[in-house]
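Enquirer: Got a sequence here, can you build the structure:
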Amino acid sequence: MKQLFEPVVFEEHKTLVWDYKIFTDDYYKGYYYWHQCCEIMFVHGGQGNVVVNQLMYDIRRGMLFFFQPYQLHRIYSEVSPACPFERSIFYIDPHVAENLLVGFSKRKALFTTLWRGENTHCAINLEDRVEIVEWTLEQYDHNKKSNPSENTEDISMLILQLLSSIKTGDQQIFQSGERRTLSYSEKIMSLRATKMPCVGGLKRRISSLPAIIL
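Expert: Prediction:
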């Protein structure tokens, strides 16, 4: 079994590494790997499976996968021209993300459960909200392309909207309130986490969003 640590490089101290609508239709060989940060993957289309903690989850449109830092996982997709694997992935330091969520206690608690939960389910079925989630991702990608400079307000809105989808889309992640013990690397990462100010004007923008975040 191939196991590989794939470090995510946050160039120029950026908050988020973004990869929108990755498209594969010829060959996709899955292998086991992990990162030093959170990895969030949303499936736009495809079939296959994800293995985490000796559990297997199906890959299909509308599935959101949340991989904790240093969590070993395997993504495998059966791809072909008739059945491509399309997904959006982004990476973020969990401590930085929590700092962005200051002032939104419920969603911050949910994010903490996702990245620190002992028996948290990594697969979340959002099939009934797929169009809203895809709109959220599309809007962030559009804003990112319109303004190459990183905008922490846009990142905050992205996280808030996704957490709002998860909050109403799948309650099983709340089954266990236990938190896992952080590894030595994660403790060091926590000490080095960037201190970021609260985003001005964020709450004013919420009123213009779809009902998903209300």
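
Enquirer: burial measure for residue 151, as a count.
Expert: 16 (other Cβ atoms under 10 Å). For every residue, glycine as well, the C-beta is placed using N, CA and C.

Enquirer: so what's it closest to, chain neighbours aside?
Expert: The shortest distance from residue 151 to any non-neighbouring residue, by Cβ to Cβ, 6 or more residues apart in numbering, is to residue 143 (6.8 Å).

Enquirer: Kindly report the same for residue 141.
Expert: residue 20 (4.3 Å).

Enquirer: Give me the contact list for the helix or strand harbouring the one you found.
Expert: Per DSSP states H and E: residue 20 is located in strand 16-24. Strand 16-24 is contacted from outside by 8-10, 44, 77, 79, 84-92, 137, 140-141, 144, 150, 155, using Cβ atoms under 8 Å, 6 or more residues apart in numbering.

Enquirer: and if you look at stretch 71-86?
Expert: 3, 21-34, 41, 43-53, 59, 65, 67, 122.

Enquirer: sorry, back to before: now do the strand holding residue 20: distance to the chain's middle.
Expert: Centroid separation for strand 16-24 versus its chain: 12 Å, with Cα atoms, centre = their mean, to the nearest Å.

Enquirer: Buried residues in it, which are they?
Expert: Using 16 or more other Cβ atoms under 10 Å as the test for burial, strand 16-24 gives 16, 17, 18, 20.

Enquirer: closest to residue 97 among these?
Expert: For the buried residues of strand 16-24, the minimum distance to residue 97 (Cβ to Cβ) is 8.7 Å, reached by residue 16.

Enquirer: before we move on, back to that, got a quick ChimeraX command for the buried subset of the contacts of stretch 71-86?
Expert: Buried subset of the contacts of stretch 71-86, written as a ChimeraX selection, criterion 16+ other Cβ under 10 Å:
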select :33,34,41,43,44,46,48,49,50,52,59,65,67,122
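
Enquirer: I'd like to know which of the contacts of stretch 71-86 are part of strands.
Expert: Judged by DSSP state E, strands contain the following of the contacts of stretch 71-86: 3, 21-24, 32-34, 41, 43-45, 48-52, 59, 65, 67.

Enquirer: Just the element for residue 124, please.
Expert: Short version: residue 124 belongs to strand 123-125, going by DSSP H and E.

Enquirer: Pairing partners for that strand, with directions?
Expert: Paired strands of strand 123-125, with direction, are strand 63-67 (antiparallel) (DSSP bridges).

Enquirer: what angle sits between the partner strand and strand 48-52?
Expert: Orientation of strand 63-67 against strand 48-52 (axes from the mean of the first three to the mean of the last three Cα atoms, to 10 degrees) gives an angle of 30 degrees.

Enquirer: The residue positioned nearest the centre of the chain and residue 114, how far apart?
Expert: With distances taken as Cα atoms, centre = their mean, residue 40 lies nearest the centre of the chain, 2.3 Å away. Here the criterion is Cβ to Cβ, to the nearest Å. By it, residue 40 lies 9 Å from residue 114.
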